[in-house]
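> The following comprises the amino acid sequence and a computationally predicted model.
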Amino acid sequence: MKTAQLKNTPSPETILDWDRTHQFHPWASMDDVEGSDYMLVNKGKGIYLWDETGKRFIDGPGGMWCVQIGYGRPEMAEAIAQQVMKLPYSSPWTNTTEPSAVLAKKIADMAPGDLNNVFFTTGGSTAVDTALRTVHFMNNRLGHPDKKIILAREKGYHGSTYLAASVTGKERDKSRFDIEKRLVHFLPDVNPYRRPEGMSVQDWCDAKVSDLEKAIADIGAENIGGFIAEPILCSGGVIVPPKGYHQRTFEICRKHDILYISDEVVTAFGRLGHWFASQDVFGIEPDIITCAKGMTSGYLPLGACIVSDRVMERMVNANDAALFSAGYTYSAHPVCCAAALKNIEIIEQEHILEHVRDISPYFQTRLQALADFSGVGNVRGMGLLGCIEGTPDSDGATLEEERKLGALLDAACEKRGLLVRPLINMAVFSPPLIITRTEIDAMFDILEEALKEVAAVF
């Protein structure tokens, strides 16, 4: 029989050894699962993290696109502790709680249009799963059992659960996981950087809208239940679709009775300077919005699927009783909801949305200046989102060469005290929303130095 004996505080070396031996990480490299080298992070404050040696790093990725208000907020710790002592858990099947009801009302007030119905989940993946199941449930209720296919986009990322992974299109090298291929049809890449030489951005937008129209014509609107789209394809490389794309695709979906799901797991709660980006930035009022990450600034896990009144009315049928039999043990968890409420309060009181709108132009100006460096193929971003896409100095660069380029940039940044998120040949970043102009300068000064180092050796 195994027994756990942890009498003394383990050393950093012991912790890392236990991590390699026993912790199975997300996206683990299975060719050397115990040889992965993860940084042991000991503490965080503001936009910074410290490793076990005491070295400080700017947290360029903002955790995982989520630490909006920064690390080490005592008021968050206090709100969480108070709720733990008052009521740590309550079954969402049979009860409600003050934090969950107040948060649902708060989110409904912040969400665009008639998105007034908040289904709490455990994170982004389960929010997307809930959205897709809502599409299927609604069409079953309406007597449209074949209207189930989901249109999604290449380079889009929507989660790791089975349904969410099925509508994710960002894999470049082959995944060994199964997905439900009958459920999804992928539209081609919308990245303007990938448009043919000589094509204008407007013509590219027209072509991308035509991709959607062609898919509907080929598959048949009677077989398509929904279209899921991130306003910005974040994990795909911070891809900003061409101007006007969102409004035009939304109108086409509405014309063909295809529910529009806006996946705002990254863009909601301030990343672009607004609570939600769908309407305030891109001018659409979706049928469903999914969100998570910044809702609690990463302090506790929580997600939500926000459903419009229009969709809810179509699911309700007084003459045919049916349960919406979806949910999670930790749906509407009162402690997580209390953390979200405090997070929203901090964002409001400290005018963080206004700060993001004020400082984003400077962030983007420093980002665009990186385009002149050797080895940089493209830089792009919006709000406090950015991406550097590297280009190996060879025609028809292999995946291995592109991975090497991304790894070199990652290492050069880390050496200088900046964490970025490497994605093959790209480095993406989404720092905490409280970042200052001085901290932006420090971040991009490191990126410039790192790019010079990489250019000299690659």
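Right, received. Where do you want to start? Since we're looking at a predicted model, the values are computed, not measured.
> Need phi/psi at I239.
Main-chain dihedrals, I239, degrees, to the nearest 10: phi -90, psi 120.
> typo on my end, it should be P92
phi -70, psi -10.
> Was I right to think it contacts F120?
Yes - counting by Cβ atoms under 8 Å, P92 touches F120, with 7.4 Å between them. From N, CA and C alone the C-beta is placed, and that goes for glycine too.
> Comparing those two, which shows the higher neighbour count?
Using other Cβ atoms under 10 Å, the more surrounded residue of P92 and F120 is F120, with 26 against 19.
> Pretty sure the more buried one sits in a strand.
Yes - F120 sits within a strand when classified using DSSP: H, G, I helix; E, B strand; the rest coil.
> So that it lines up with my notes, have the first residue be 375 from now on.
With 375 as the first residue, the last one maps to F494.
> ok, for it, nearest residue in space, not its chain neighbours?
Distances taken as Cβ to Cβ, 6 or more residues apart in numbering place A706 nearest to F494, at 4.1 Å, with adjacent residues excluded.
> A helix includes that neighbour, no?
No - checked against three-state DSSP, A706 lies outside a helix; its state is coil.
> how many other residues sit next to it?
Using other Cβ under 10 Å, A706 has 25 neighbouring residues.
> Quick check: it touching T468?
No - look at A706 against T468 with Cβ under 8 Å: they stay out of range, at 11.8 Å.
> Just list the residues touching the nearest residue to K429 once chain neighbours are set aside, thanks.
Closest residue in space to K429, ignoring its immediate chain neighbours: G791 at 7.0 Å, by Cβ to Cβ, 6+ apart. G791 makes contacts with 429-432, 820, as judged by Cβ atoms under 8 Å, 6 or more residues apart in numbering.
> quick revisit: identify the contacts common to P466 and F494.
Contacts common to P466 and F494, judged by Cβ under 8 Å, 6+ apart, are 474, 705-706.
> Okay, the residue positioned nearest the centre of the chain and C608: tell me how far apart.
Nearest residue to the geometric centre of the chain (Cα atoms, centre = their mean): V640, 3.4 Å. Computed as Cβ to Cβ, to the nearest Å, the V640 to C608 distance reads 4 Å.
> For the lengthiest helix in the chain, which helices and strands make contact with it?
When the chain is parsed with DSSP state H, its longest helix is helix 811-831. Under the contact definition 3 or more Cβ pairs under 8 Å, 6 or more residues apart in numbering; DSSP states H and E, helix 811-831 sits against strand 430-433, helix 726-742, strand 759-764, helix 773-789, strand 792-793.
> again, only this time at 6 Å
Counting by 3 or more Cβ pairs under 6 Å, 6 or more residues apart in numbering; DSSP states H and E, the packing neighbours recorded for helix 811-831 are helix 726-742, helix 773-789.
> ranking the ones you listed by mean pLDDT, which is last?
Ranked by mean pLDDT, the helices and strands packed on helix 811-831 end with helix 773-789 at the bottom, a mean of 92.
> Identify the residues contacting that helix?
764, 766, 794, 796, 798-799, 801, 820, 824, 827-828, 832 (Cβ atoms under 6 Å, 6 or more residues apart in numbering).
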